[in-house]
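**Student:** Below are the sequence and a predicted model for it; my questions follow.
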Amino acid sequence: MGAKTTRDMARTLQKIPMGELEFSLMNFDPGGFTITSNSHDFIRSVSERGIVSRLMSRYLEPSELRHLCRLAIRDALNRNWNLPFGVFSLPLPNVLQRYANLSED
């Protein structure tokens, strides 16, 4: 999904009254239990944990150059079947190797 599509969806969702968003959610956890909750509880939970703002900054704002570089490095390593171990053979300082390996952010 492109940034324009995501931005358009975010604008559309902001215009829908909360009362019209009521629906049941089914969540599956690794233990095999099924938890059903309504959409209002889910939206409240997501909002309280700050997930919405993080999603908006990730998908509606330009990514940081360092993040894009990390993606390019990991993509090149993956295409050559060198991910994740190839990260540590790159001629980079240790701190950049850890960042490219997703050990640091």
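**Tutor:** Sure, I can see it.
**Student:** Do a quick rundown of the strands in the chain.
**Tutor:** Secondary structure of the chain, counting by DSSP state E: strands at 24-28, 34-38.
**Student:** how deep is Ala100 tucked in, by neighbour count?
**Tutor:** 24 (other C-beta atoms under 10 Å). In short, each C-beta sits where N, CA and C put it, glycine included.
**Student:** My error: substitute Leu96 in the last question.
**Tutor:** Counted with other C-beta under 10 Å, the burial measure for Leu96 works out to 17 neighbours.
**Student:** pLDDT score for it?
**Tutor:** pLDDT recorded at Leu96 is 91.
**Student:** what's the answer for Phe23, then?
**Tutor:** So Phe23 comes in at 52 (pLDDT).
**Student:** again with Gln14
**Tutor:** With respect to pLDDT, Gln14 has a value of 65.
**Student:** Numbering from 54 from now on, please.
**Tutor:** Sure, I'll start numbering at 54, so the last one becomes Gln67.
**Student:** mind checking the backbone torsions on Leu145?
**Tutor:** phi -130, psi 150 (degrees, to the nearest 10).
**Student:** quick one: contacts for Leu145?
**Tutor:** Ala153 (C-beta atoms under 8 Å, 6 or more residues apart in numbering).
**Student:** Against Glu117, how distant is it?
**Tutor:** For Leu145, the distance to Glu117 (C-beta to C-beta, to the nearest Å) stands at 18 Å.
**Student:** Please name every helix or strand in contact with the top helix by length along the chain.
**Tutor:** Assignment by DSSP state H gives helix 118-132 as the longest helix of the chain. Helices and strands touching helix 118-132, by 3 or more C-beta pairs under 8 Å, 6 or more residues apart in numbering; DSSP states H and E, are helix 147-153.
**Student:** got the CA coordinates for the helix it packs on in CSV?
**Tutor:** Taking Å, rounded to 0.1, in the frame of the first residue of the first chain, the C-alpha atoms of helix 147-153 are listed here in CSV:
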residue,chain,number,x,y,z
ASN,A,147,30.4,-2.4,15.3
VAL,A,148,27.6,0.1,16.1
LEU,A,149,26.5,0.2,12.5
GLN,A,150,26.6,-3.6,12.2
ARG,A,151,24.4,-3.9,15.2
TYR,A,152,22.0,-1.3,13.7
ALA,A,153,21.9,-3.1,10.4
